[in-house]
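*Asks:* here you go, sequence then predicted model.
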Amino acid sequence: MIAKVTASDGRPHPAYRSYVLTSLGVVAFFNFVDRSIFSVLAVSIKDDLALSDTEIGLLGGFAFALFYACLGLPLASLADRSNRVKLVSICLAVWSAATAACGLATNFLTLLLARIGVGAGEAGCFPPSYSILADYYPANRRAFAIGMFHAGGNVGFLVGLMAAGLLADAVGWRTTFFVLGLPGVVFAVFFAATVREPQRGGSKAAATAPLGIRHALATMRKRSALVHLTVSYTLSIFAFYCALAWLPHFFARTYGMDLSAIGFSYGLAFGGGLIFGVVFGALISPSLIARDRRWEFLFPGVGSVLAVPAFLLVYWVGDLQLALFFTALGSAAVAMGLGPAFSAVQSLAEPNIRATAAALVLLISAIVGQGLGPVVVGALTDMLSATLGDLALTVVLSVSTAAFAWSAIHIFLGSKQFVQQIVTTQSVQPKDAAYGD
């Protein structure tokens, strides 16, 4: 039975609030399952459809990210004006169906269209979800809530990578898309029926009329902390998606791993690291933020610093087991800052532009980071492979880690203005700290 929605004081009941967080975690689970499986299945798809590394980079990165970014902003603006729960449900059904449709592809063009559908649907997942959580959880618990939301996604990433490799060897990559894509359509109906839209801003006084994309852009321009956070997140995503898209190929070319081994070993290392990192960040950051609010902003920078040596060791350690260990360490370092980073975005934006503000960050990071990263790696690898052979991919991936260091610089610069630029609303009350989770 679903928990009682409100407590006696009219605020969200703690049990129901936890149910909403769990439900959104399942949505994120399906999001990352559908997003992650392509990187593993691409090894078979490349051979079956006779695609180049550049085409694989386009399918794994830019084709997905372009529509993810372009539709993210209008969908987020719609979320700031309408029912966010219904929007998330519809988008979940769309991207899950599009994932299944990938199994019907017969060439680059048809697979491209299916991947565009996945990106278009997933564009409506994160900004509305962040906004929902910001209204169910007080400011001092948002890093926890958003972090645990991402933990659900990272469990999906782990399951997706491991299941994709095992299923592809057992039933082929086409059937794998069907098996992992269609369950999300079913859950979309359940989510819409059981999750209630929260009061925007946490109170009637805070729930003013939506201000729109133009105001969100103006907010970003005048709040330098938000600009630095956006640049930092974009650079981190660039390096992260270079690794995510191409590490399966790296392990196949460097260590001769087959799909099952890649899906299980790499999936366990990368996905397990993501889960550990995001849960670690969600549990540790609230106490640090309680002592000094700047930690909401600084925490992602620590992860970016740790990611540089971790991923460099992945590419050059020369031992499979150690490479997998440092893969887990690197992914954990990146993931630990996700909850605080998007909690900081919510803190820097008014309640009625929170989804739009998050979408702006995701739009820029999707185009520059998620979109260009895999394509750049694929194109440079094609260019250098004539002289460097399989080592070309290792060299290009190593250079990409510089983006993590650059990301950390912007975090530390923006932290100087963060506390002064936080937006406060009437939804933040002293007794919020007493809410249990």
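*Replies:* It's in. The structure presented is a predicted model; accordingly, all values stated were derived computationally and were not measured.

*Asks:* show the end-to-end separation of stretch 117-137, please.
*Replies:* 32 Å (C-alpha to C-alpha, to the nearest Å).

*Asks:* what does stretch 364-371 give?
*Replies:* The first and final residues of stretch 364-371 sit 10 Å from each other (C-alpha to C-alpha).

*Asks:* contacting residues around that stretch?
*Replies:* Applying C-beta atoms under 8 Å, 6 or more residues apart in numbering, the contact partners of stretch 364-371 are 61-62, 64-66, 68-69, 72, 230, 233-238, 240-241. (Each C-beta comes from the backbone N, C-alpha and C, glycine too.)

*Asks:* repeat the analysis, applying 7 Å as the threshold.
*Replies:* Among residues not part of stretch 364-371, those counted as contacts by C-beta atoms under 7 Å, 6 or more residues apart in numbering are 61-62, 65-66, 68-69, 72, 230, 233-234, 237-238, 241.

*Asks:* which of those sits closest to residue 142?
*Replies:* Taking C-beta to C-beta as the measure, residue 142 lies nearest residue 233 of the contacts of stretch 364-371, at 16.3 Å.

*Asks:* can you pull the contacts of the closest residue to residue 335 other than its chain neighbours?
*Replies:* When the adjacent residues along the chain are set aside, residue 335 lies closest to residue 277, with 3.3 Å between them (C-beta to C-beta, 6 or more residues apart in numbering). For residue 277, the contacting residues are 331, 332, 333, 334, 335, 336, by C-beta under 7 Å, 6+ apart.

*Asks:* so which of the contacts of stretch 364-371 belong to helices?
*Replies:* Using DSSP state H to define helices, the subset of the contacts of stretch 364-371 located there is 65, 66, 68, 69, 72, 230, 233, 234, 237, 238, 241.

*Asks:* take the residues you listed and lay them out in a markdown table including neighbour count.
*Replies:* As requested, the ones in helices among the contacts of stretch 364-371 are exported to a markdown table (neighbours: other C-beta atoms under 10 Å):
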| residue | neighbour count |
| --- | --- |
| 65 | 30 |
| 66 | 19 |
| 68 | 28 |
| 69 | 24 |
| 72 | 30 |
| 230 | 21 |
| 233 | 27 |
| 234 | 25 |
| 237 | 25 |
| 238 | 24 |
| 241 | 26 |
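
*Asks:* these into a markdown table, with extra columns for pLDDT and distance to residue 80?
*Replies:* Conversion of the ones in helices among the contacts of stretch 364-371 to a markdown table gives the following (pLDDT from 0 to 100; distance: C-beta to C-beta, whole Å):
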| residue | pLDDT | distance to residue 80 |
| --- | --- | --- |
| 65 | 70 | 22 |
| 66 | 74 | 23 |
| 68 | 75 | 18 |
| 69 | 72 | 18 |
| 72 | 81 | 13 |
| 230 | 93 | 18 |
| 233 | 94 | 20 |
| 234 | 95 | 22 |
| 237 | 93 | 23 |
| 238 | 94 | 27 |
| 241 | 87 | 27 |
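
*Asks:* inside helices: which ones of the contacts of residue 277?
*Replies:* 331, 332, 333, 334, 335.

*Asks:* still on that earlier bit, got the contacts of residue 277 as JSON lines, with pLDDT and distance to residue 172 columns?
*Replies:* Formatted as JSON lines, the entries for the contacts of residue 277 read as follows, by pLDDT from 0 to 100; distance: C-beta to C-beta, whole Å:
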{"residue": "331", "pLDDT": "94", "distance to residue 172": "28"}
{"residue": "332", "pLDDT": "96", "distance to residue 172": "32"}
{"residue": "333", "pLDDT": "96", "distance to residue 172": "35"}
{"residue": "334", "pLDDT": "94", "distance to residue 172": "32"}
{"residue": "335", "pLDDT": "93", "distance to residue 172": "31"}
{"residue": "336", "pLDDT": "94", "distance to residue 172": "36"}
